[in-house]
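S.K.: give me the fold of what follows.
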Amino acid sequence: MRIFPGFNALPFVLPVLLSMCLGGCAITEADIETWKGTVRGPGRIVAVLSSPRYHDELRIRAGLALVEMERSDVDGVAELQSAIRALGEEDRTHIVDGMAQSPTGLLALMRGEGAAASATPPGPNDPPPPIEVRAKDATFLLLQYASPAVRQQMTDGVVGWFTVDFNGRNLSGSFSAEQVVRQLGAPACVQLVTAMSARIPQAALVQIALLISQLGDDPTKASAGARIVAIEHEMEGAEFGTWLHDRIANQATASGRTLDAAHLTMAAELNREGFINQGALPAMHNLGDQPTVQARLMEIVQTTTPTPPTTAQALEDRRVTALQALEGHAPAGSTQTLLSIALNTASPDRVRDYAFDRVADAHDRSVLPQLWPIATQVNAENDHTIWRARWRVGALLLTIGGADVVQEWFTRLPVGEHIRYAQEELHGYAERLAQIRPEPTAIVRAQLASPDWAHQAIALFYFDRGGTMADLPALQAMTTSTTATHGDHWDAAHATIGAIAGEASSSIMQRAAAASTDAAPATPAPAAPAPAPAH
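M.R.: Numbering: from 1, shown residues only. Here you go, the predicted model:
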C-alpha cells in the first residue's frame, strides 16, 4: 500500500511493530520491571513466561514479577498459576524450580529477602507484608509442579512461613494455615511440632495440636505429645512466670497505667492459669492418645496439694481441665485410680463429677460391686453429700451395667417417706435410663404402680422425655395424686406426684400434636374459579 505524505499510518503499524518486537526484539529484565506498572504489562509478562523462545532466566524473572506486582486490577498470583498450568510438564517443572530457588525467588520473598521485600520490616504484632503473603500463596499453588527435592523445600518454606507467627499468620492470604496443612498432609506436620511454644496464644497452640493429631504420622504425633508435655511443665516454671510478669508490666506502661507489685503478681498468675487451662491442657486433649500425654494428665488429676504460687482454686481448675482432656483417652488400668478420686469425699465436687465421667467412659463392669453400696445409700437426714454421691454413683452404675442392672437397681433403691431425694437426682436417673439400650420401658412402666413416691417420680420423668400416647392413660390417672416429694430443690411445679404426672402428660400430648402436624399431607390449593360466561 502506498502511503501518501500526511497520511497517519500509526494505528495500523503499531500492533505489527509490537508483535515483531515481542517476537524478535531483545526483551530485558528492565522491560519486565516497567511492565509491572503498565496497563498491558501483565499480559506481556505472561507472554514472556509462557514462551520457550526466551531464555530461562528471563522467564523465571517474568514469573516472579507477577508475584511482586502491587496492583488492585490484576491478580498476579492467579495469572501466574494459569500460565504455569498451561506449560508442558518438563518446561513447567524447570520454571517452577527456578522460581523457587532463585536468590530473589519465592522462598526468599517469603523470608522477606531481596529487592522486592518490604522496605520496613514488620513489628512483632504487625501483619506480614503483602509481598510475603503473595509469595506464600504462589509457592503453595506451584509446589505441585516442582521436582521432588524442590517440592519438599517449598513445602517446608510455606509451613515455616506460618510457624514464624502461627496466630498472626494463620488466616493471611488466600489459603489459611489449616488449608495448607490439610492439603500437604503429614509432611507439613513435622514443622508444626517446632511451632508449638509456651508463649504463643492459647488458641494457636490448641489448633496446631489438633492439626497434628488429625494429619501427622505416628512419629510426628509422638514428638508432639512429648513437646506439649514439656510446654506444660515450662508454663508451671518460674521463668515463664517472670516472662508473664514483665509482659504485663510492659503492656501496662504502654497504656499509661501503673500496677503495684501485688497486682502484677496476681495478673501474672491468672495469665499462667489461662495459658495452662485454655492452651496446654486442651492441646493435650487433642494429643490424648499419646502415652506421655496420658501419663502427665493423670499426674495432674492426682495432685491434691498446690505448689506455691499455685492456689487451691487454681489446682482444682487444673484437675478439672485435665479430667476433661482425658475424655476418651484415659489410659488402660486407670479406672480404679479415677474411681478412688470420684469416691473421695475430700475431692472437690467438680473434680469428683469429671472423675465419675471418666470412669463411665471405660465401661469397666468390674467396678460394679464397689458401686452398689454407695448407689443405695439411705439419705434420711437430707445430707447433700450423701444424695449427691448416691446420684453420681447410681447414674454411673446404670451407665456401666445397662439394661442388665435396671431391675435390681430399682429393687435396691432406698424407699420410704423418710428417704430424701433431690429433684435433680431423680431427674438424672430418668435421663440415664432413657439412654439405655435396649430400652427398659417395661421395667420403668411398672414403677408407676409402685407404692414409693421416688420410684413413681423417676418413671414419670422417664415418660416425660419419651412417652407415647399409649402411656398417656396411666399418667393421667396419676394427676390427682397428692403424694408429696421430699428432698432438696423441689419447686412448686413438682411438689407432688400429681403435678409431675400432669407435666409428663402435657409433654406426651405436645409431641403427638407435633408429629401429627408433620405427618399431615399438604392441603391442596383451592381450584381457580371458572371464568364468567361471556355476554
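S.K.: rest of the way, CA atoms for contacts and neighbours
M.R.: Fine.
S.K.: low pLDDT regions in the stretch 251-400 of the chain?
M.R.: Along the stretch 251-400 of the chain, segments meeting pLDDT under 70 span 380, 382.
S.K.: can you check the chain too?
M.R.: Per-residue confidence of the chain (counting by pLDDT under 70) places the weak regions at 1-25, 114-125, 380, 382, 519-535.
S.K.: check contacts around Glu132.
M.R.: In this structure, Glu132 makes contact with Leu109, Met110, Arg111, Gly112, Ala117, judged by C-alpha atoms under 8 Å, 6 or more residues apart in numbering.
S.K.: what about 6 Å?
M.R.: With contact set as C-alpha atoms under 6 Å, 6 or more residues apart in numbering, Glu132 has these partners: Leu109, Met110.
S.K.: ok, it to Arg44 distance?
M.R.: Using C-alpha to C-alpha, to the nearest Å, one obtains 24 Å as the distance from Glu132 to Arg44.
S.K.: the helices in the stretch 201-350 of the chain, which residues?
M.R.: Taking DSSP state H, counting those that start in this stretch as the criterion, the stretch 201-350 of the chain carries its helices at 202-215, 218-236, 238-254, 261-275, 281-286, 291-302, 312-325, 335-343, 349-362.
S.K.: tell me which of the ones you listed is the most buried.
M.R.: helix 281-286 (a mean of 27; mean count of other C-alpha atoms under 10 Å).
S.K.: got the phi/psi numbers for the nearest residue to Leu141 once chain neighbours are set aside?
M.R.: In space, not counting the residues next to it along the chain, Leu141 is nearest to Gln81; the distance is 7.0 Å by C-alpha to C-alpha, 6 or more residues apart in numbering. Listed backbone geometry of Gln81 is phi -60, psi -40, with angles given as degrees, to the nearest 10.
S.K.: can you report how many residues lie near Gln81?
M.R.: 16 (other C-alpha atoms under 10 Å).
S.K.: Leu141 too?
M.R.: Residues lying near Leu141 (other C-alpha under 10 Å) number 16.
S.K.: over to the one 5 residues further on?
M.R.: Counted with other C-alpha under 10 Å, the burial measure for Ala146 works out to 24 neighbours.
S.K.: just checking, it touches Ile95?
M.R.: No: with contacts defined as C-alpha atoms under 6 Å, Ala146 does not count as touching Ile95, sitting 8.5 Å away.
S.K.: present the helices of the stretch 201-350 of the chain as JSON lines; the columns should include distance to Glu33.
M.R.: Supplementary listing: these in JSON lines, determined by distance: least, C-alpha to C-alpha, whole Å:
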{"stretch": "helix 202-215", "distance to Glu33": "39"}
{"stretch": "helix 218-236", "distance to Glu33": "44"}
{"stretch": "helix 238-254", "distance to Glu33": "43"}
{"stretch": "helix 261-275", "distance to Glu33": "48"}
{"stretch": "helix 281-286", "distance to Glu33": "47"}
{"stretch": "helix 291-302", "distance to Glu33": "54"}
{"stretch": "helix 312-325", "distance to Glu33": "55"}
{"stretch": "helix 335-343", "distance to Glu33": "69"}
{"stretch": "helix 349-362", "distance to Glu33": "65"}
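S.K.: quick check: closest non-adjacent residue to the residue nearest the centre of the chain.
M.R.: Nearest to the mean C-alpha position of the chain, by C-alpha atoms, centre = their mean, lies Gln207 at 6.7 Å. Distances taken as C-alpha to C-alpha, 6+ apart put Ala283 closest to Gln207, at 7.6 Å, once the chain neighbours are dropped.
S.K.: ditto for Ala484
M.R.: Nearest to Ala484 is Thr496, by C-alpha to C-alpha, 6+ apart, at 4.4 Å.
S.K.: report the contact partners of that neighbour.
M.R.: Going by C-alpha under 6 Å, 6+ apart, Thr496 touches Thr482, Thr483, Ala484, Thr485.
S.K.: since we're on the last one, how many residues are nearby?
M.R.: When counting by other C-alpha under 10 Å, one arrives at 22 neighbours for Thr485.
S.K.: same deal with the one 3 residues further on?
M.R.: Other residues within reach of Asp488 by the criterion other C-alpha under 10 Å amount to 16.
S.K.: what's the closest non-adjacent residue to it?
M.R.: With C-alpha to C-alpha, 6+ apart as the criterion, Asp488 has its nearest non-adjacent residue at 4.4 Å, and that residue is Ala422.
S.K.: could you measure from the closest residue in space to Thr305 that isn't next to it in sequence over to Trp490?
M.R.: Computed as C-alpha to C-alpha, 6+ apart, the closest residue to Thr305 that is not its neighbour in sequence is Ala312, at 7.5 Å. In this view, Ala312 and Trp490 are 33 Å apart by C-alpha to C-alpha.
S.K.: can you check Ala222 too?
M.R.: Per C-alpha to C-alpha, Ala222 is found 51 Å from Trp490.
S.K.: quick one, what contacts the residue nearest to Asp488?
M.R.: Gly487, Asp488, His489.
S.K.: please repeat the previous calculation with a cut-off of 7 Å.
M.R.: Contacts for Ala422 (C-alpha atoms under 7 Å, 6 or more residues apart in numbering) come out as Gly487, Asp488, His489, Trp490.
S.K.: surely the last one is in a strand?
M.R.: When you say that, I think you mean Trp490. No: in this structure, Trp490 is coil, not part of a strand, as judged by DSSP: H, G, I helix; E, B strand; the rest coil.
S.K.: hmm, back to that, out of the helices of the stretch 201-350 of the chain, which is closest to Asp404?
M.R.: Taking C-alpha to C-alpha, helix 349-362 is the member of these nearest to Asp404, at 16.0 Å.
S.K.: and the residue nearest to Asp488, how far from Ala495?
M.R.: In this structure, Ala422 lies at 12 Å from Ala495, with C-alpha to C-alpha as the measure.
S.K.: can you pull the residues that touch both of these two?
M.R.: Shared contacts of Ala422 and Ala495 (C-alpha under 7 Å, 6+ apart): none.
S.K.: Ile374: what secondary structure?
M.R.: helix.
S.K.: residues in contact with it?
M.R.: In this structure, Ile374 makes contact with Arg390, Val393, judged by C-alpha under 7 Å, 6+ apart.
S.K.: just the residues contacting the helix or strand containing Met154, thanks.
M.R.: Here Met154 sits within helix 148-163, counting by DSSP states H and E. Helix 148-163 has contacts (C-alpha under 7 Å, 6+ apart) with 97, 107, 110, 136, 139-140, 143-144, 169-170, 177, 188, 191-192, 195.
S.K.: so which of the residues you listed are in helices?
M.R.: Judged by DSSP state H, helices contain the following of the contacts of helix 148-163: Asp97, Leu107, Met110, Lys136, Thr139, Phe140, Arg169, Ala177, Ala188, Gln191, Leu192, Ala195.
S.K.: show the backbone phi and psi for the nearest residue to the first one once chain neighbours are set aside.
M.R.: Taking C-alpha to C-alpha, 6+ apart, and ignoring the residues beside it in sequence, Asp97 has Ala146 as its nearest neighbour in space, at 5.6 Å. The main-chain torsion angles of Ala146 are listed as degrees, to the nearest 10 and equal phi -80, psi 160.
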